[in-house]
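Asks: need coordinates for the following:
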Amino acid sequence: MPYNFAINQSQKDRLFADIAIDTDKIVVPQIMVDNWQQTLDLLSELVDTPAALIMRVHQTDIEVFTSSRTQGNPYKKHDKDSLGHGLYCETVIKAGKELHIPNALKDKDWDKNPDIKLGMIAYCGLPLRWPDNSAFGTICMLDNKEHNYSQSFRSLLARFQNGIEANLVTLYQQAKLQLHNQELEQKVQQRTHELAELSSKLIKEIENRTSTETSLEYHKSYDPLTGLPNRINLINSLSTMLEEVNRKEKISVLYLGLRNFKSINDSYGYLIGDKILTILSQRLQHYADENTFIARIAGAEFVIIQAHKPSNNETNKLINKVLSCCNTPFGVADFVITIPSSMGIAQAPIDGIDAAILLQKAGAAMTISKADGSTHSFFNQDTQAALNLRYQLESHLVDALNKNELSLHYQPFINLKNQKVIGAEALLRWHNPILGNVTPDRFIALAERNGQIIDIGNFVLHTALAQAAKWCRELDQEFKIAINISPLQMRNPRFSEHIADLLTLYQLPPTALELEITEGMLMQDEHIAHNAIQKLQELGIRISLDDFGTGYSSLSYLQKYSFDTLKIDRCFINKLEENEQDRELTKAIIAIGKKLNLVVIAEGVETLEQDAFIRHEECDLGQGYLYGKPITAHEPPVSGLLSPLNNHYF
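Replies: Just a heads-up that it's a prediction; the model follows:
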């Protein structure tokens, strides 16, 4: 509680009865500003929010007084904005109480407030007041994505509010003492009393600061949600264990990750997700002892390290205990939720004796476990080979674009009613002199991780649109080109304008372009995807949902978004002849597309039987080796009636 609320009302009246101080003229000393700066930096780091601010209000405007030095923070010190426009902080000052907005875009009272223009859609702030109850400003946290600030984080913000208001009491007292210096010469007793109160307050401030610093020190080493040690604490503890371990002992590092945890948060809410993580941490802590250390290092990822005898039985016992914690259903509220998990194991000394390297190897083994669907995987030569291959791919991918190693192939779309070529899908290919032909599924994810996907995506757009424009001129008719888009490209707020500029550059109508997106892209950020799709369709560009039926929420995406085209994934097509279930599912998907007035494409068609089936079900378009393999653009497409047996029409 701030100092001015800690004293009773009669003391407050006596202290400030004859004071008329213009608080707007009180200067905050640099040493105090520096302390506030450190407080904001620590707050932003602990809460994992890009902006933490102290705002100061003036007669006609409000000023960024101190701003956290964090990446992605758009607020600069001394930035000002006029009052009267419904700013977050202005509302906090007027109401005199906390304001918490997890997502302004979803709140009709806040979806047009001025702070959104800087991208800040999440907000939590508290008022800061002088001892005379006049407004100094606010202390607040902001985020450029939805952020439901937990109660522990809001309590931490309140503690910082108390500390800063204690500073304001000090400044106010100093201003008062300076103003009344002459009078105080004649009022020694009153001055002594005030100085005694100030001394008491300063002692309390020191005590509060010490308590806050202790709390911050705790949060540096421990996860605030579960109370488990964090990554820094883990590395330090593992390093100590590696130094002290007996040569006859083994240290196992288990890297545990819950699969598809984002879907839990999306389906049940973040409170349920946090409760599941808390329950799991409590289960794991039952096995903690002097030889076993447990930490939460990120999101839904935990690490368990244990020093034990060099017996495989000991390792297997630990693995089974951890898997049992995960496999037991989580009863939260009225829900019973089961979450699959993956685990990677690295061991010292066989896999290394450096803490960071062991953690990296255990994480790599966990990634392998996720990929092959197993419950756990040990780091081994195959895992190392996979890591080496990834590093090799990354090193060559860096220069692939500059060395002209990337190219496009084109696979036609066939109108199943008249067997005419109506367009093609642009498919990215990479040929490296050392690695040979590298398939997209091996390098696209790497390009997204290292940021190259933007340049590569621009290369694909320019090349494909230029080629489509050339074919349109040669055929003297419209030709549709389909291009796959990365989630990182969609996140660019100017993506739709960029596409419009490219269509103008290559003199193509918007209807000649179809952008293919996957369900994985929609899962990453539904708000961004929705806005991007809407802007693109307003331009006249068609949007296709690729690989339909392979994700977790296919039907829900058809409800949420406006698509033009539905692509049936090849996994349903390639077993049509022998699998009744795939035939029924394909029928259902085509029927759904027809009901929603979508163009339906079946991809991966390779046999006449498959072609006959989708044609009978009135599928609109076909794509696959039966109609034509992906080839370079050296051969122009031909129009007219085509035989499914002719693979050279394109």
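
Asks: could you check how far stretch 67-85 is from the centre of its chain?
Replies: Distance of stretch 67-85 from the chain centroid (Cα atoms, centre = their mean, to the nearest Å) equals 23 Å.

Asks: okay, how far is it across that stretch, tip to tip?
Replies: Terminal residues of stretch 67-85 lie 21 Å apart, using Cα to Cα, to the nearest Å.

Asks: ditto for stretch 45-62
Replies: Distance across stretch 45-62, first residue to last, is 25 Å (Cα to Cα).

Asks: buried set for that stretch?
Replies: 46-47, 49-57, 62 (16 or more other Cβ atoms under 10 Å). For the C-beta atoms, the positions are set from N, CA and C on the backbone; glycine is no exception.

Asks: go through the residues you listed and flag which are in helices.
Replies: Those of the buried residues of stretch 45-62 mapping onto helices are 46-47, per DSSP state H.

Asks: can you lay out the buried residues of stretch 45-62 as CSV showing pLDDT and distance to Asp334?
Replies: Shown next, in CSV, are the buried residues of stretch 45-62 (pLDDT from 0 to 100; distance: Cβ to Cβ, whole Å):
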residue, pLDDT, distance to Asp334
Leu46, 90, 32
Val47, 91, 30
Thr49, 93, 31
Pro50, 94, 35
Ala51, 93, 37
Ala52, 93, 36
Leu53, 94, 39
Ile54, 95, 42
Met55, 93, 42
Arg56, 94, 47
Val57, 93, 45
Ile62, 91, 44
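
Asks: tell me the one of the buried residues of stretch 45-62 nearest Leu401?
Replies: Within the buried residues of stretch 45-62, the smallest distance to Leu401 is 30.5 Å, found for Pro50 (Cβ to Cβ).

Asks: the closest one: what's it in contact with?
Replies: 44, 70-73, 142-144 (Cβ atoms under 8 Å, 6 or more residues apart in numbering).

Asks: can I get stretch 588-607 as CSV, trimmed to CA atoms?
Replies: Extracted C-alpha coordinates of stretch 588-607, given in CSV (Å, rounded to 0.1, in the frame of the first residue of the first chain):
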residue,chain,number,x,y,z
ALA,A,588,-17.7,-35.6,-48.0
ILE,A,589,-15.0,-33.0,-48.6
ILE,A,590,-16.2,-32.5,-52.2
ALA,A,591,-19.8,-32.2,-51.0
ILE,A,592,-18.8,-29.6,-48.3
GLY,A,593,-16.9,-27.6,-50.9
LYS,A,594,-19.9,-27.6,-53.2
LYS,A,595,-22.3,-26.6,-50.5
LEU,A,596,-20.1,-23.6,-49.6
ASN,A,597,-19.7,-22.6,-53.3
LEU,A,598,-15.9,-23.3,-53.2
VAL,A,599,-13.8,-24.6,-56.1
VAL,A,600,-12.5,-28.0,-55.1
ILE,A,601,-9.1,-29.3,-56.2
ALA,A,602,-8.0,-32.9,-55.8
GLU,A,603,-4.2,-33.1,-55.6
GLY,A,604,-2.0,-36.1,-56.0
VAL,A,605,-4.1,-37.8,-58.7
GLU,A,606,-1.9,-40.5,-60.3
THR,A,607,-4.2,-43.2,-61.8
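
Asks: may I see the buried residues of it?
Replies: 589-590, 592-594, 598-605, 607.

Asks: now do that stretch: distance to the chain's middle.
Replies: 32 Å.

Asks: now stretch 534-551
Replies: Stretch 534-551 sits 22 Å away from the centroid of its parent chain (Cα atoms, centre = their mean).

Asks: mean confidence score for it?
Replies: The average pLDDT for stretch 534-551 rounds to 85.

Asks: over to stretch 172-183?
Replies: Averaged over stretch 172-183, pLDDT sits at 79.

Asks: domains in this protein, by residue range?
Replies: 3-221, 231-379, 392-623 (automatic domain parsing).

Asks: do a quick rundown of the helices in the stretch 101-250 of the chain.
Replies: Taking DSSP state H, counting those that start in this stretch as the test, the helices found in the stretch 101-250 of the chain are 151-179, 181-186, 188-221, 231-244.

Asks: the first one packs against which elements?
Replies: Helix 151-179 makes packing contacts with helix 3-6, helix 30-47, strand 122-129, strand 135-143, helix 188-221 when contacts are defined by 3 or more Cβ pairs under 8 Å, 6 or more residues apart in numbering; DSSP states H and E.

Asks: and these, which one is worst for confidence?
Replies: helix 3-6 (a mean of 44).

Asks: list the buried residues in the strand or helix carrying Thr383.
Replies: In this assignment (DSSP states H and E), Thr383 forms part of helix 381-397. Neighbour-count burial for helix 381-397 flags 383, 386-387, 390, 393, 396-397 (criterion: 16+ other Cβ under 10 Å).

Asks: stretch 137-150 too?
Replies: 137-144, 146-150.

Asks: out of the residues you listed, who's nearest His634?
Replies: Nearest to His634 among the buried residues of stretch 137-150, with distances taken as Cβ to Cβ, is Asn144, at 45.6 Å.

Asks: in the stretch 551-650 of the chain, where is pLDDT below threshold?
Replies: 551-554, 635-650 (pLDDT under 70).

Asks: what are the boundaries of the helices in it?
Replies: Per DSSP H, counting those that start in this stretch, the stretch 551-650 of the chain carries helices over the ranges 554-560, 570-573, 580-595, 608-616.

Asks: how about Ile357, nearest residue that isn't a chain neighbour?
Replies: Leaving aside its sequence neighbours, Ile357 sits nearest to Asp351 (Cβ to Cβ, 6 or more residues apart in numbering; 7.9 Å).

Asks: how about that neighbour, what does it touch?
Replies: Contacts for Asp351 (Cβ under 8 Å, 6+ apart) come out as 357-358, 361, 379.

Asks: so how far is stretch 375-395 off the chain centroid?
Replies: 25 Å.

Asks: does the residue nearest to Ile357 belong to a helix, a strand or coil?
Replies: coil (DSSP: H, G, I helix; E, B strand; the rest coil).

Asks: pull the number of nearby residues for Ala307.
Replies: 19 (other Cβ atoms under 10 Å).

Asks: low-scoring stretches of the stretch 401-550 of the chain, by residue?
Replies: In the stretch 401-550 of the chain (pLDDT under 70), the answer is 520-526, 549-550.

Asks: quick one: contacts for Ala356?
Replies: Applying Cβ under 8 Å, 6+ apart, the residues contacting Ala356 are Ile235.

Asks: I should have written Leu40 there, sorry.
Replies: 52-54, 66-68.

Asks: and it, how far from Met141?
Replies: According to Cβ to Cβ, to the nearest Å, Leu40 stands 9 Å off from Met141.

Asks: again with Tyr270
Replies: According to Cβ to Cβ, Tyr270 stands 16 Å off from Met141.

Asks: do Leu225 as well
Replies: In this view, Leu225 and Met141 are 16 Å apart by Cβ to Cβ.

Asks: just to revisit the earlier point, out of the domains of the chain, nearest to Thr632?
Replies: domain 392-623 (6.0 Å).

Asks: and that closest one, end to end?
Replies: 33 Å.

Asks: then stretch 432-451?
Replies: Criterion Cα to Cα; first-to-last residue distance in stretch 432-451 is 20 Å.

Asks: tell me how far that stretch is from the chain's mean position?
Replies: With Cα atoms, centre = their mean, you get 23 Å for stretch 432-451.

Asks: likewise for stretch 290-297?
Replies: From the chain centre to the centre of stretch 290-297 is a distance of 26 Å (Cα atoms, centre = their mean).

Asks: quick one: common contacting residues for Leu40 and Met141?
Replies: Taking Cβ under 8 Å, 6+ apart as the contact criterion, the common neighbours of Leu40 and Met141 are 52-53.
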